[in-house]
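K.L.:
please find the sequence and the predicted model below.
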Amino acid sequence: QVQVVESGGGLVQAGGSLRVSCAVSGSIYTINRMGWYRQAPGKQRELVATITSGGTINYVDSVKGRFTISRDNAKKAVYLQMNSLKPEDTAVYLCNAEIREYTFSIYQDYWGQGTQVTVSS
């Protein structure tokens, strides 16, 4: 069984920094894309950043230049360094991983429970 666990959220003042981490464990053959999404109260879930196994990175325009996504394939982990945080970055940040559990299985999306990031003004 696959588990996706986030950590590192918290409360920070505007202009500050936070780093959130995500570790994947369980029955895993290979991981393709990993990424971070966020969901604020009353809003739809939105993509923040993704990174493929080959290192291709994608950011939503609102975080470009402020957030950096990285991954450690050996640790099956993905990280999001968030700098120059703004109150509008406040949301639950969710980790997503596209995983193939077995050699002949298809890729499926797995989600963590999320970690709260709150930016005060």
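P.N.:
Received the coordinates, thanks. Numbers count the residues shown, from 1 in each chain.
K.L.:
so what's the residue nearest the centre of the chain closest to, chain neighbours aside?
P.N.:
Central residue of the chain (Cα atoms, centre = their mean): Trp36, 2.5 Å from the mean position. Closest residue in space to Trp36, ignoring its immediate chain neighbours: Val48 at 4.4 Å, by Cβ to Cβ, 6 or more residues apart in numbering. From N, CA and C alone the C-beta is placed, and that goes for glycine too.
K.L.:
I'd assumed Tyr59 was in contact with the one you found.
P.N.:
Yes - between Val48 and Tyr59 there is a contact under Cβ atoms under 8 Å: 7.3 Å.
K.L.:
could you check which of the two is surrounded by more residues?
P.N.:
Set Val48 next to Tyr59 and count neighbours by other Cβ atoms under 10 Å: Val48 wins out with 24 against 18.
K.L.:
let me see the contact set for that one.
P.N.:
The neighbourhood of Val48, defined by Cβ atoms under 8 Å, 6 or more residues apart in numbering, consists of 35-38, 59-60, 63, 67, 80, 93.
K.L.:
just to revisit the earlier point, contacts only, for the residue nearest to the centre of the chain.
P.N.:
Trp36 touches 20, 22, 47-50, 69, 78, 80, 93-96, counting by Cβ under 8 Å, 6+ apart.
K.L.:
now those: which count as buried?
P.N.:
Those of these that meet the buried threshold are 20, 22, 48-50, 69, 78, 80, 93-96, by 16 or more other Cβ atoms under 10 Å.
K.L.:
nearest to Val5, of the residues you listed?
P.N.:
If you rank these by distance to Val5 using Cβ to Cβ, Cys22 comes first, at 6.9 Å.
K.L.:
quick one, grab the pLDDT at the nearest residue to that closest one once chain neighbours are set aside.
P.N.:
Setting aside the residues directly before and after it, Cys22 is nearest to Cys95 in space (Cβ to Cβ, 6+ apart), at 3.4 Å. With respect to pLDDT, Cys95 scores 98.
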